[in-house]
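**Q** Here is my input; please provide its structure:
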Amino acid sequence: MRPRRLQLRVPRGLARAAVTLCGACAGMPGPTADPAAVAALTRLCCDSRLGAVSVLASAPGPLPAIVYVHGTPGSATNWADYLVTPVDGHDSVALDRPGFGRTAGPCRPSLAEQAAAVTAVLPDGCEAVLVGHSLGGPIALQAALDHPDRVRGVVLVAASVDPELEELRWYNRVGQLLSGLLPRALRNANREIVALRPELVALRDRLGELRCPVAIVHGRRDPLVPYANVAFLEQRLTGVASLAITTLDDADHFLIWRPEQASVVRDAIARLVRRCSAR
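**A** Predicted structure coming up:
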């Protein structure tokens, strides 16, 4: 009897969802730095309680002034432009969050675990300004709350923080069904997004405890993280040393890469770093 060949048939709707998930990421803009300059950046490995964390650095110096936290999906190279040409010349690092880039192991949907990975890239005695884009924003806030002695200030760029604005889309639910078929980055991104709302609820109840300076940069035309997050942060960040808000009327979610908008992001980071240095 001739053995039968088994064929895996993916329903057309699920296949279309997978294409949608992949296409959304493929359509994103990205860093514009020369690839040779990006390749010349320093690659470091930092130990944390979650395992080794891979880091890109603008210089081999041990005391970075700025730490960049990417969103989901993403990697340290999302911030390549800001490392190749550092803001005001400050030594800077960007990490591959657990589950992304060159950091091995599973993703960590817990904001507290992600925050521990962020602060692990800082040497003992080092304080830095954290810059978080998208999901990197609440991770930076969590790190500032959990490790106030390590964080001098926080810059939130198109940050997703209000739990009431976090609604799962149809492709997130389909992504759970397709988890085994998705690339690592998309699979882990979907896991983070599915688990995010309760994490943000817990973070919301602590935002009044934050004391360091905070700067916010957000675009009104952000289709992924609504501009209403800014009003939420204004209402909740009642104890911070200062709160600076920059609104870009024509910016979408990818403002960190669009040259004119990126210059505004850089200015916001530079102002906060200077303010923190003067404290």
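
**Q** Could you use CA atoms for every contact and neighbour count after this?
**A** Fine.

**Q** Which pLDDT value does the model give Cys126?
**A** pLDDT recorded at Cys126 is 84.

**Q** how many neighbours does it have?
**A** By other C-alpha atoms under 10 Å, 16 other residues sit near Cys126.

**Q** Likewise for Pro123?
**A** Other residues near Pro123 come to 13 when the count uses other C-alpha under 10 Å.

**Q** Next: Asp250.
**A** For Asp250, using other C-alpha under 10 Å, the count is 12.

**Q** cool, the one 4 residues further on as well?
**A** Phe254 sits with 20 neighbouring residues when counted by other C-alpha under 10 Å.

**Q** what sits against it?
**A** 28-29 (C-alpha atoms under 8 Å, 6 or more residues apart in numbering).

**Q** How about Arg275?
**A** Under the criterion of C-alpha under 8 Å, 6+ apart, Arg275 has no neighbours.

**Q** Could you check the pLDDT of it?
**A** With respect to pLDDT, Arg275 has a value of 93.

**Q** for it, phi and psi?
**A** Per-residue torsions, Arg275: phi -60, psi -40 (degrees, to the nearest 10).

**Q** ok, now Pro138?
**A** Torsion angles, degrees, to the nearest 10, at Pro138: phi -60, psi -30.

**Q** Skipping its backbone neighbours, what lies nearest it in space?
**A** Once flanking residues are discounted, Pro138 sits nearest to Val161: 5.8 Å by C-alpha to C-alpha, 6 or more residues apart in numbering.

**Q** That neighbour: neighbour count?
**A** Using other C-alpha under 10 Å, Val161 has 30 neighbouring residues.

**Q** Any stretches of the chain with poor pLDDT?
**A** Within the chain, the stretches with pLDDT under 70 are 1-27, 61-62, 168-182.

**Q** That one: helices as residue ranges?
**A** Along the chain, counting by DSSP state H, helices occupy 12-26, 35-39, 80-84, 111-120, 136-146, 170-177, 184-204, 228-236, 259-278.

**Q** Point out the most buried one among the ones you listed.
**A** Most buried of the helices of the chain by mean neighbour count (mean count of other C-alpha atoms under 10 Å) is helix 136-146; its value is a mean of 26.

**Q** List of residues touching it?
**A** 69-72, 111-112, 114-116, 118-119, 130-132, 150-161, 200, 203, 206-207, 209-210, 212.

**Q** As a markdown table, the helices of the chain with distance to Asp91 would be great.
**A** Listed next are the helices of the chain as a markdown table, based on distance: least, C-alpha to C-alpha, whole Å:
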| stretch | distance to Asp91 |
| --- | --- |
| helix 12-26 | 29 |
| helix 35-39 | 15 |
| helix 80-84 | 8 |
| helix 111-120 | 16 |
| helix 136-146 | 18 |
| helix 170-177 | 37 |
| helix 184-204 | 28 |
| helix 228-236 | 28 |
| helix 259-278 | 12 |
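
**Q** Compare these and give me the one nearest Cys46.
**A** With C-alpha to C-alpha as the criterion, Cys46 lies closest to helix 111-120 of the helices of the chain, at 6.7 Å.
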